[in-house]
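Enquirer: Got a predicted structure plus its sequence, pasted below:
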There are 4 protein chains.
Amino acid sequence: MKIVIYNEYTKNQLSPIGKRAYKEGLHKEIASVFDGSDVEVAFLSTLPDLLNHTANDITYDKLRDVDVLYWWGHCDHDKVPDEVVDAVVKRVHKGMGIIFLHSAHFSKVIKKLLGTPCSLTWREVGEAERVWTVSPKHPIAQGVEQGFRIPHEEMYGEHFNIPTPDEVVFVGWFQGGEVFRSGVTFTREKGRIFYFQPGHETFPNYKNPNIRIILKNAAYWCARQEDKIAIVNKTYKDAPNVHPCESIPLIHFSGKVKQGKEED
Amino acid sequence: MKIVIYNEYTKNQLSPIGKRAYKEGLHKEIASVFDGSDVEVAFLSTLPDLLNHTANDITYDKLRDVDVLYWWGHCDHDKVPDEVVDAVVKRVHKGMGIIFLHSAHFSKVIKKLLGTPCSLTWREVGEAERVWTVSPKHPIAQGVEQGFRIPHEEMYGEHFNIPTPDEVVFVGWFQGGEVFRSGVTFTREKGRIFYFQPGHETFPNYKNPNIRIILKNAAYWCARQEDKIAIVNKTYKDAPNVHPCESIPLIHFSGKVKQGKEED
Amino acid sequence: MKIVIYNEYTKNQLSPIGKRAYKEGLHKEIASVFDGSDVEVAFLSTLPDLLNHTANDITYDKLRDVDVLYWWGHCDHDKVPDEVVDAVVKRVHKGMGIIFLHSAHFSKVIKKLLGTPCSLTWREVGEAERVWTVSPKHPIAQGVEQGFRIPHEEMYGEHFNIPTPDEVVFVGWFQGGEVFRSGVTFTREKGRIFYFQPGHETFPNYKNPNIRIILKNAAYWCARQEDKIAIVNKTYKDAPNVHPCESIPLIHFSGKVKQGKEED
Amino acid sequence: MKIVIYNEYTKNQLSPIGKRAYKEGLHKEIASVFDGSDVEVAFLSTLPDLLNHTANDITYDKLRDVDVLYWWGHCDHDKVPDEVVDAVVKRVHKGMGIIFLHSAHFSKVIKKLLGTPCSLTWREVGEAERVWTVSPKHPIAQGVEQGFRIPHEEMYGEHFNIPTPDEVVFVGWFQGGEVFRSGVTFTREKGRIFYFQPGHETFPNYKNPNIRIILKNAAYWCARQEDKIAIVNKTYKDAPNVHPCESIPLIHFSGKVKQGKEED
């Protein structure tokens, strides 16, 4: 399997706070989920000084044997030439998988594939997020802890202006009160598409073990190699009662509401 | 339009805490959303002493001219005879709309229509909920405030064990950290189906103005009379920044994360 | 309701065979489905000599109060300026409905909204088509005869290279052996989209009564005014046996296969 | 992988015409698609005299390690006990795949999983069918010839009364003028479901090479072992012209319609 990671790798990422999150760039962190495997990983960027390749270099021919392309962009969406956008879209049609990460929701490529503005609401205060699996049978969700916690993340909130996804795999819960369809899949001709919300450049969340599983599973799924993903056959209890969560003590009893019992 | 509300109306609802929430029963509260309209509303219950009709009386013939059936059940799901279940399902196939409320997720009727166990997780501590519209174009969402707040509700959490819905209209956010697909639609033959999560019998949430709009819109949508629903043509800003919410002060800054600016 | 019909109205339509099908242009034929109603209809074309407006004139402002745009194009897809495409797409996002007819499957606008090449197979020998409703509950299908016949139409065949539609309403059967998803719906942000296959410029099929019902229903549905569509509450027999069709005597018994009876 | 084939194997199949189609029973024919593989196949039937096991013997425990169950029934749907239906449905929820063949559309099990009557129209004159792939990227469609021909099959026609499928993989074309969604997928909890229309008991169509590929692919897909399916990366031309088909000379030119050329 051959993978390419596009990361614009510009000012926010090169700032001290960006460097503190990912010393060598978030593309390196993403690439490291394939350490020890036989997956071949290459990088692309908008910044020619730091990396050998730039978005401007992307052509259909260079993508011809690429199985999956990760796309991380934010400040420089407009600098990606239309020719590059066309080449990527055409390659997706012919079967290349593509994974859009975080602020790539506003990239030209995803807009051209989905046909909607892909807008959302946002807040950047480093609040906590939880990520819930709503489609536990999906290959991308295998091995992912239900409702796993991210200490700090930029909030992305609904309404997320996308077409109805093929499948909603994950829904994010944010400390400040919002929700978001954080992991969604689409298909365009032969190409599989996955959008995944976590990954603001100033929080080192691509080091989070659950997110690393998702990043890896997503690549295998997008490449139609889901046999490389170990299926976790969880048994669900019919209707488990959940104790008030302890690690984030959010529930402040008002004293006026007494806990009832479901069965009497 | 002719509507029937089934409410089991048994012990939890007749207890002091239930009576405090709905003095005359939650079915009366639901019915009152149609006050002043020409909609005809009738009631059914499992409790013959309080109401003239019981679930046992439901037949296909009695439902023949009913446009929409609301179904609220919890403790007495098993007391609903299979003949009644078959009659309701058959009538849904022929075009009657049906709205399943809260704990009706475990009713025999919804299981027979959807073909899955419809299990979920739950916690009953009266925590806050917010309800987010993820499908703002849906008729049921018209006029509903984005992310409206419910002070106290029973938590229902994912994984909600249903087939992929036709449309996810609402996603609920819970104070304790969970999310839930709180408003979902299905179609079975000619019958439209809406499941809506809020409505625990001990919290008077059917008095909530946003929920009352949803209850009413849902009936018109299920009856294929969405022309009775006023379309609200909101204009969305492309990517609005959201200030940390004030009425529920959930975000406790750690002092370590400084608010950044999205654009620099 | 305000409707605009875009018809490129160029050489094939202006040829003798085109003129024989539609003396005054197929846009006039489409417009006539609203005769006697209070729907306001305007025209646009690529041909400035014949009509007062051209595709080049289309701006967001001119579409601002348009509810539904019909789009018929074939030879001149490439002459539609990108600015026009952008304006139409933006207006669809904001709620304008759009109906793509026949060879509009290759228009720039539909490709930009759907994100796929929208290719298909074709054959132009004037073979017979039948149009089957697979979603009888859909508003666009109300009043349409099941399996209605079109004497002559250009064949469009699968694979139709589109994203999975929100709903497949009609499937076309062709005399030569092909099938096609002839009526499909999509949603992009607030805009409803309907693609409908029949309508080759040399066959007068927009005069077909069933097609006229579809053209009209589709406008009301795309404008979210489905209350203007009379619901036809058909009763289906459980599993009707269908006699060998008589008007198109396609079934030539080989003499080797004897008709069995289903039940014994 | 462990597979069980349920075949009612009663009168129509045991009649001379049934025996001529499948000398040893259609279950044996289906089983033979796994000849030479390490797939373990067992049989179940309603007829205790011919086979060692019957539908009545099916229990949850016996299905516990079964990956995929094929279900072929017709005359004896009603003889399958409700306890068996419940056990099969429960096992599907827990992850067993299930493939419903031909007249199994009316089995109790599929109705319980889908929640609709699953009715259709039919005609049994042995007419020709063609099977078109509308979802060429689906694993079940890999290696299947586009529009392959079946000389004689019972006609099943729309409207097929099922919920909107997860995916429509195949659409059938019938000589007499009907179409049918011949291959459709669903998911219920963890269980994958495939319905496939061809397979009337008096035509030996499970010997058809394309159908055998579908039967085999479907098992691997339902068992979530799609890595066992070889992906066929077809290149589609953008809009191929199709010559009037020759082997079934259905197109009788009326003499009034002249073949035009698409481009002028």
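Expert: Everything's here; your move. Everything numeric here is computed off the predicted structure, so don't read it as measured data. Numbering: from 1, shown residues only, chains lettered A, B, ... in the order given.

Enquirer: Please tell me how far the closest residue to residue A:165 other than its chain neighbours sits from chain C.
Expert: Distance criterion CB to CB, 6 or more residues apart in numbering or on different chains; nearest residue to residue A:165, sequence neighbours excluded, is residue A:184 at 3.8 Å. Glycine gets a C-beta too; all of them are placed from N, C-alpha and C. According to CB to the nearest CB, to the nearest Å, residue A:184 and chain C sit 13 Å apart.

Enquirer: does residue A:184 have beta-bridge partners, and which?
Expert: Legend: beta-bridge partners of residue A:184 under DSSP bridges are residue A:168, residue A:195.

Enquirer: Pull the contacting residues for it.
Expert: A:162, A:165-169, A:194-195 (CB atoms under 8 Å, 6 or more residues apart in numbering or on different chains).

Enquirer: For it, give me the pLDDT.
Expert: Here the pLDDT value assigned to residue A:184 is 98.

Enquirer: From residue B:168, how far out is it?
Expert: With distances taken as CB to CB, to the nearest Å, residue A:184 is found 11 Å from residue B:168.

Enquirer: what touches both of these two?
Expert: Common contacts of residue A:184 and residue B:168, defined by CB under 8 Å, 6+ apart, comprise residue A:168.

Enquirer: Any stretches of the stretch 151-264 of chain A with poor pLDDT?
Expert: Along the stretch 151-264 of chain A, the parts satisfying pLDDT under 70 run over A:233-238, A:243-264.

Enquirer: So which residues of it form strands?
Expert: Counting by DSSP state E, counting those that start in this stretch, the stretch 151-264 of chain A has strands at residues A:167-174, A:179-188, A:191-196.

Enquirer: out of these, nearest to residue D:224?
Expert: Proximity of the strands of the stretch 151-264 of chain A to residue D:224 was assessed by CB to CB; the nearest stretch is strand A:167-174, lying at 14.8 Å.

Enquirer: List the contacts of residue A:240.
Expert: B:121-122 are the contacts of residue A:240 under CB under 8 Å, 6+ apart.

Enquirer: Please indicate which of the contacts of residue A:184 has the highest neighbour count?
Expert: Neighbour tally across these (other CB atoms under 10 Å in any protein chain shown): the maximum, 30 neighbours, falls on residue A:169.

Enquirer: Now it: closest residue in space that isn't a chain neighbour?
Expert: Counting by CB to CB, 6+ apart, residue A:169 lies nearest to residue A:183, which is 4.1 Å off, once chain neighbours are set aside.

Enquirer: swap in residue A:40?
Expert: Among residues not flanking residue A:40 along the chain, residue A:2 sits closest, at 4.7 Å (CB to CB, 6+ apart).

Enquirer: what's the neighbour count on the one you found?
Expert: 15.

Enquirer: May I have the phi/psi pair for it?
Expert: phi -120, psi 130 (degrees, to the nearest 10).

Enquirer: Hmm, residue A:67 and it touching each other?
Expert: Yes - judged on CB atoms under 8 Å, residue A:2 makes contact with residue A:67 at a distance of 5.3 Å.

Enquirer: Which elements pack onto the helix ranked longest in chain A?
Expert: In chain A, taking DSSP state H as the definition, the longest helix is helix A:209-222. Here helix A:209-222 touches strand A:68-72, strand A:97-101, strand A:191-196, going by 3 or more CB pairs under 8 Å, 6 or more residues apart in numbering or on different chains; DSSP states H and E.

Enquirer: Sort out which residues of it are buried, please.
Expert: Burial within helix A:209-222, assessed by neighbour count using 16 or more other CB atoms under 10 Å in any protein chain shown, is assigned to A:210-222.

Enquirer: now it and strand A:179-188, what's the angle there?
Expert: On the basis of axes from the mean of the first three to the mean of the last three CA atoms, to 10 degrees, helix A:209-222 is oriented at 20 degrees to strand A:179-188.

Enquirer: now residue A:13, nearest residue through space, not along the chain?
Expert: Spatial nearest neighbour of residue A:13, excluding adjacent residues (CB to CB, 6+ apart): residue A:201 at 4.9 Å.

Enquirer: Let me fix that, I meant to ask about residue A:239.
Expert: Residue nearest to residue A:239 in three dimensions, not counting chain neighbours: residue B:119, with 5.1 Å by CB to CB, 6+ apart.

Enquirer: And what about the one you found, helix, strand or coil?
Expert: Here residue B:119 is coil, with the state taken from DSSP: H, G, I helix; E, B strand; the rest coil.

Enquirer: cool, residue A:132 as well?
Expert: Recorded secondary structure, residue A:132: strand (three-state DSSP).

Enquirer: That one - how many residues pack around it?
Expert: 24.

Enquirer: gap between it and chain B?
Expert: Plainly put, residue A:132 is 5 Å away from chain B if you go by CB to the nearest CB.

Enquirer: Next up, the contacts around that residue.
Expert: Listed by CB under 8 Å, 6+ apart, the contact set of residue A:132 reads A:146-147, A:170-173, B:157-159, B:178-179.

Enquirer: any low-confidence regions in the stretch 1-150 of chain A?
Expert: Low-confidence regions of the stretch 1-150 of chain A, defined here as pLDDT under 70, cover residues A:45-55.

Enquirer: would you list every one of the strands in it?
Expert: For the stretch 1-150 of chain A, the strands defined by DSSP E, counting those that start in this stretch occupy A:2-7, A:40-44, A:68-72, A:97-101, A:121-133, A:148-157.

Enquirer: Throw the ones you listed into a markdown table and include distance to residue C:109, thanks.
Expert: Shown next, in a markdown table, are these (distance: least, CB to CB, whole Å):
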| stretch | distance to residue C:109 |
| --- | --- |
| strand A:2-7 | 28 |
| strand A:40-44 | 31 |
| strand A:68-72 | 25 |
| strand A:97-101 | 23 |
| strand A:121-133 | 29 |
| strand A:148-157 | 29 |
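
Enquirer: what residues does the stretch 151-264 of chain A put near chain D?
Expert: Within the stretch 151-264 of chain A, the positions adjacent to chain D are A:187, A:189-190, A:224-227, A:231, A:233 by CB under 8 Å from any CB of the partner chain.

Enquirer: ok, which pair from those residues is furthest apart?
Expert: Within these, A:189 and A:233 form the most distant pair, 32.3 Å apart (CB to CB).

Enquirer: ok, those two, which is more surrounded?
Expert: Using other CB under 10 Å as the criterion, residue A:189 and residue A:233 rank with residue A:189 on top: 23 against 9.

Enquirer: Quick check, the more buried one in contact with residue A:91.
Expert: No - using CB under 8 Å, residue A:189 makes no contact with residue A:91, being 10.5 Å away.

Enquirer: Distance-wise, check residue A:97 relative to residue B:124.
Expert: From residue A:97 across to residue B:124, the span is 43 Å (CB to CB).

Enquirer: who's more crowded, the two?
Expert: When neighbours are counted by other CB under 10 Å, residue A:97 and residue B:124 differ, and residue A:97 comes out ahead with 26 against 19.

Enquirer: nearest spatial neighbour of the more buried one, skipping sequence neighbours?
Expert: Closest residue to residue A:97 apart from its sequence neighbours, by CB to CB, 6+ apart: residue A:222 at 2.4 Å.

Enquirer: that older thread, between the strands of the stretch 151-264 of chain A, which one is closest to residue C:34.
Expert: Taking CB to CB, strand A:179-188 is the member of the strands of the stretch 151-264 of chain A nearest to residue C:34, at 35.1 Å.

Enquirer: Contact residues of the stretch 151-264 of chain A facing chain C?
Expert: A:161, A:163-164, A:166, A:186-189.

Enquirer: between those, which is closest to residue D:106?
Expert: Of all those, residue D:106 sits closest to residue A:166, with 29.6 Å by CB to CB.

Enquirer: Skipping adjacent residues, who's closest to that closest one in space?
Expert: For residue A:166, ignoring the flanking residues on the chain, the nearest one in space by CB to CB, 6+ apart is residue A:185 at 4.8 Å.
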